[in-house]
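Visitor: next input, structure requested:
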Amino acid sequence: MNHSIHSADRATHLKIVVVALVAGIAVAGFGIAARTHADYSQTAQSTHVIKAGKAVVVTSAGTSEIR
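Guide: This next block holds a predicted model:
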């Protein structure tokens, strides 16, 4: 058994690459599967618009002033 990556043979390097590739594919697959249940069917009628209110300035005294 090789305890250092520098002294490892070609088969050990290949195993590391394969394990990393499989792990990367698994993580990507999990991420894609998690996004498929999201609701992307927003239309102009179903979107909620939030409008800004009046501007508020906070003073050093802790009170607010509405302009």
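
Visitor: if you rank every helix and strand of this structure by mean pLDDT, what lands last?
Guide: Taking mean pLDDT, DSSP states H and E as the measure, strand 64-66 is the helix or strand of the chain with the lowest mean score, a mean of 65.

Visitor: just the helices in this structure please.
Guide: For the chain, the helices defined by DSSP state H cover 10-35.

Visitor: in this protein, where is pLDDT below threshold?
Guide: The model of the chain has pLDDT under 70 over residues 1-2, 36-48, 58-59, 61-67.

Visitor: and if we set it to 90?
Guide: Along the chain, the model assigns pLDDT under 90 to residues 1-12, 31-67.

Visitor: residue 27: neighbouring residues, count only.
Guide: When neighbours are counted by other Cβ atoms under 10 Å, residue 27 registers 10. Glycine gets a C-beta too; all of them are placed from N, C-alpha and C.

Visitor: report the separation between it and residue 5.
Guide: Between residue 27 and residue 5 the distance is 22 Å, computed by Cβ to Cβ, to the nearest Å.

Visitor: then residue 21?
Guide: Taking Cβ to Cβ as the criterion, residue 21 is separated from residue 5 by 17 Å.
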